[in-house]
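Undergrad: Give the three-dimensional model of this entry:
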Amino acid sequence: MMEINNQYVIIDHTWLWRADHDIAGSVKYSRNYVENGLQVNADNVKAFGLFSEHNLGDLVQWNGNNGEVYFYQSELPYDVTQQNYADKGYAGFYLGDSVTNFRGYGVAVYTYFRDHTVWQPEGIKVSSSSSGIHFQNSYIRYLNGDGGLNHVLNGEGKGVKVGDTDSYLCSHNAYSLSSNRTMTPQIRMSASETKAAKFNTRLRGVRAELELLTKRQEKAEQSQEVRK
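TA: As a prediction, this is how the structure comes out:
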């Protein structure tokens, strides 16, 4: 559905949804084929408020290094089988083999296997054992249907099913604390990373200005209504 191949892309509040219903009603038998909601193939990509639902492969497939995701919500497809989905190793969020540095905060995967019994091994799948991969406050939830999820991330975190609907994983490879180490490690940025950081600062400034202008416009329109 959406593929990113350039560095320093910022994704902001994006909902990538394979239609689970259309004008004729519910979609079944893995029709309306979309494999991935998002595929990231570049380094230094950030996502804020990312949503991906009902796609028939990995809902998000992240293959770039130095990626960051802040809040991710997903819902696995309704109309798959054990054989064509779970047994093929798909996941709600998949971190590729080549990734050695990544941070995910508030990554969540929901399940509602409506048409068949499906037991999914995990909601989040991480192929690399690199210590540079960090997930904080991950979550899976059983919504309805048959089957469920066995773990939150790889073999970590308990599963969810009927009668046991929520599971949290506080951290995967959390930063260790000591007198000489903080939760945010010191990273020496390259020239291109410094340029990107300056761009992000300017972008935040532009957003703040737009919000201020919007509030002023709304206030002016309200004053006009009062005068009428």
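
Undergrad: From Leu203, how far off is Gln73?
TA: Gln73 sits 23 Å away from Leu203, going by Cβ to Cβ, to the nearest Å. Every residue, glycine included, has its C-beta placed from N, CA and C.

Undergrad: who has more neighbours, the two?
TA: Gln73 (18 against 12; other Cβ atoms under 10 Å).

Undergrad: is it true that that one touches Phe93?
TA: No. If you go by Cβ atoms under 8 Å, Gln73 and Phe93 don't touch, sitting 10.3 Å apart.

Undergrad: pLDDT score assigned to Val206?
TA: You'll see Val206 listed with a pLDDT of 67.

Undergrad: ok, the residue nearest the centre of the chain to Gly145 distance?
TA: With distances taken as Cα atoms, centre = their mean, Tyr72 lies nearest the centre of the chain, 3.3 Å away. According to Cβ to Cβ, Tyr72 and Gly145 sit 21 Å apart.

Undergrad: Now the helix or strand the residue nearest to the centre of the chain falls within - C-alpha only, CSV.
TA: Using DSSP states H and E, Tyr72 sits within strand 67-75. Only the C-alpha atoms of strand 67-75 are listed here, as CSV (Å, rounded to 0.1, in the frame of the first residue of the first chain):
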residue,chain,number,x,y,z
GLY,A,67,13.8,3.9,12.8
GLU,A,68,11.5,5.2,15.4
VAL,A,69,7.8,4.6,15.9
TYR,A,70,5.7,6.5,18.5
PHE,A,71,2.3,4.9,18.9
TYR,A,72,1.3,2.2,16.5
GLN,A,73,-2.1,0.5,16.4
SER,A,74,-3.0,-2.4,14.2
GLU,A,75,-5.7,-5.1,13.7
